[in-house]
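Undergrad: This is a predicted model, with the sequence first.
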Amino acid sequence: MDLDHILNELEQKGLRNDETQSDKSLKYLNITKDTGEFLRVIVLATRSSKILEVGTSNGYSTIWLASSIPIEGTVTTIEYSERKAEEALSNFKKADIANKIVFLKGYAQAVLKNLSDQYDLIFLDADRSKYMDMMQDILRLLKIGGLIVCDNAISHESELAEFTAYLRSKQNFSTSLVPVGKGEFLAYKSYNEQV
Ligand SMILES: C[S@@+](CC[C@H](N)C(=O)[O-])C[C@H]1O[C@@H](n2cnc3c(N)ncnc32)[C@H](O)[C@@H]1O
């Protein structure tokens, strides 16, 4: 299926589902379309080709990211829900993009510990209360010159307060809050911290 078509279809499906679904675990909670467009510009402008995403859901944001990287690039994406994993894998096939995606099923806090690559961009869109637990692994996996992008930075500002304050306080990071979609918090890593 054509990429724009599948992105539009998933956008509409997500909006319809989340409006009527009362069980939060069954909502898709996708990024907004303008966030997808923003991520695409960021990926292209930073020439990112190795991306790590925490929180796949049905794969809407993953498809935006994977369709923005070069042919040899990869998006590694983590999701713990069995049901959403199945939907995401089916959507990756439909979008003909499965070859650029490494899907890892499990709790991100545990999965991250087994990763050792360096990523150009880390996109966070999962359980916000766990980001501080993941922080040391996120910092370890982000290359020098890499970027963290965190969704919901305006819609759920207070839930992310400790996380954003921590990165803002670090000498080796430059940060910015961008009012796109639900609010994107950006943190650019200039160098590794001395230990
Ligand atoms: C906001 S949704 C992700 C939406 C997706 N990024 C998109 O825009 O299409 C968050 C997803 O993260 C998953 N999740 C939440 N906490 C997680 C964790 N600690 N480890 C793995 N997956 C998690 C949830 O099951 C849910 O599907």
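TA: Perfect, thanks for sending it.

Undergrad: Is the residue nearest the centre of the chain bridged to anything, and to what?
TA: Closest to where the C-alpha atoms of the chain average out (CA atoms, centre = their mean) is F123, at 3.0 Å. Beta bridges link F123 to E53, V149, judged by DSSP bridges.

Undergrad: Verify the stated contact: K189 with G146.
TA: Yes: if you go by CB atoms under 8 Å, K189 and G146 touch, sitting 5.3 Å apart. Yep, even glycine has a C-beta here, placed from its N, CA and C like the rest.

Undergrad: what ranges do the strands span in this protein?
TA: For the chain, the strands defined by DSSP state E occupy 50-54, 74-79, 101-105, 119-124, 142-150, 173-178, 184-189.

Undergrad: Nearest to A95 among the ones you listed would be which one?
TA: Counting by CB to CB, A95 lies closest to strand 101-105 out of the strands of the chain; the figure is 9.5 Å.

Undergrad: Just give me the neighbour total for Y80.
TA: The local packing of Y80 (other CB atoms under 10 Å) involves 18 other residues.

Undergrad: ok, for it, nearest residue in space, not its chain neighbours?
TA: Leaving out its chain neighbours, the residue that sits closest to Y80 by CB to CB, 6 or more residues apart in numbering is Y107, at 5.2 Å.

Undergrad: What's the per-residue pLDDT of that neighbour here?
TA: We note a pLDDT of 98 for Y107 in this prediction.

Undergrad: What distance do you get for it to Q118?
TA: Y107 sits 22 Å away from Q118, going by CB to CB, to the nearest Å.

Undergrad: How about the residues of this protein by the ligand?
TA: Within the chain, the residues that sit near the ligand (CB under 6 Å from any ligand atom) are 29-31, 55, 57, 60-61, 78-81, 84, 107-109, 125-127, 130.

Undergrad: again, 8 Å this time
TA: Proximity of the chain to the ligand, by CB under 8 Å from any ligand atom, involves residues 10, 14, 25, 27-31, 35, 53-62, 78-81, 84, 106-109, 111, 123, 125-127, 130, 134, 151-152.

Undergrad: among these, which ones are buried?
TA: Among these, those classed as buried by 16 or more other CB atoms under 10 Å are 10, 14, 28-31, 35, 53-62, 78-81, 84, 108-109, 111, 123, 125-127, 134, 151-152.

Undergrad: Give me the subset of these lying in helices.
TA: L10, G14, T35, Y60, S61, T62, K84, A108, Q109, V111, M134 (DSSP state H).

Undergrad: residue contacts, the closest residue to the first one other than its chain neighbours?
TA: This points to L10. The shortest distance from L10 to any non-neighbouring residue, by CB to CB, 6+ apart, is to Y60 (4.6 Å). When contacts are counted by CB atoms under 8 Å, 6 or more residues apart in numbering, Y60 is found next to L7, L10, E11, G14, Y28, N30, I31, G36, N91.
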